[in-house]
Structures are given as structure tokens and as C-alpha cells.
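Colleague: could you look at this predicted model? Sequence included:
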Amino acid sequence: MSIDLNHVAPDFEALDWKGESFKLSEFKGKKHVFLIFNRGFV
């Protein structure tokens, strides 16, 4: 998978660390959004 610079990220839904659902679109208009996708603990 490649990253397209200067393009809008597609909206998606995921679970946060507490197991609560969120959508990327909920953060629209925020200056910074920092996402970490952990593949699990080894």
C-alpha cells in the first residue's frame, strides 16, 4: 500500500484502545490527527 501525499484520506471506522468505535471524519477540521495501528503484541 502506498501513501498519496496532498490527498484527502478516505473515511474509515475503527476501534480505539478502549474498544469504542470512531470514524476518521469525526476529526475533520482538527489541525492534527495522529493514528497508530498496532499489529498486536508479540
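Modeller: Sure, I can see it. This is a predicted model, so every value here is computed, not measured.
Colleague: correct me if wrong, but residue 25 is in a helix.
Modeller: Yes. Counting by DSSP: H, G, I helix; E, B strand; the rest coil, residue 25 is located in a helix.
Colleague: so, low pLDDT: which residues of this structure?
Modeller: Regions of the chain meeting the criterion pLDDT under 70 cover residues 1, 41-42.
Colleague: please enumerate the strands of it.
Modeller: 13-15, 21-23 (DSSP state E).
Colleague: so for this protein, the centremost residue is which one?
Modeller: The chain has residue 35 as the residue nearest its centroid, 4.9 Å off, counting by Cα atoms, centre = their mean.
Colleague: now that one: how far from residue 16?
Modeller: Separation of residue 35 from residue 16 (Cβ to Cβ, to the nearest Å): 10 Å. In this view, the C-beta of every residue, glycine as well, is placed from N, C-alpha and C.
Colleague: burial of residue 16, as a residue count?
Modeller: 8 (other Cβ atoms under 10 Å).
Colleague: quick check, it in contact with residue 22.
Modeller: Yes. With contact defined as Cβ atoms under 8 Å, residue 16 reaches residue 22; the gap is 5.7 Å.
Colleague: now the strands of the chain in JSON lines, with mean neighbour count and distance to residue 4?
Modeller: As requested, these are exported to JSON lines (neighbours: other Cβ atoms under 10 Å; distance: least, Cβ to Cβ, whole Å):
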{"stretch": "strand 13-15", "mean neighbour count": "10", "distance to residue 4": "20"}
{"stretch": "strand 21-23", "mean neighbour count": "11", "distance to residue 4": "20"}
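Colleague: out of those strands, which gets nearest to residue 7?
Modeller: Closest to residue 7 of these, according to Cβ to Cβ: strand 21-23, at 18.2 Å.
Colleague: residues making contact with the closest one?
Modeller: 11-16 (Cβ atoms under 8 Å, 6 or more residues apart in numbering).
Colleague: just give me how far that strand sits from the chain centre.
Modeller: 9 Å (Cα atoms, centre = their mean, to the nearest Å).
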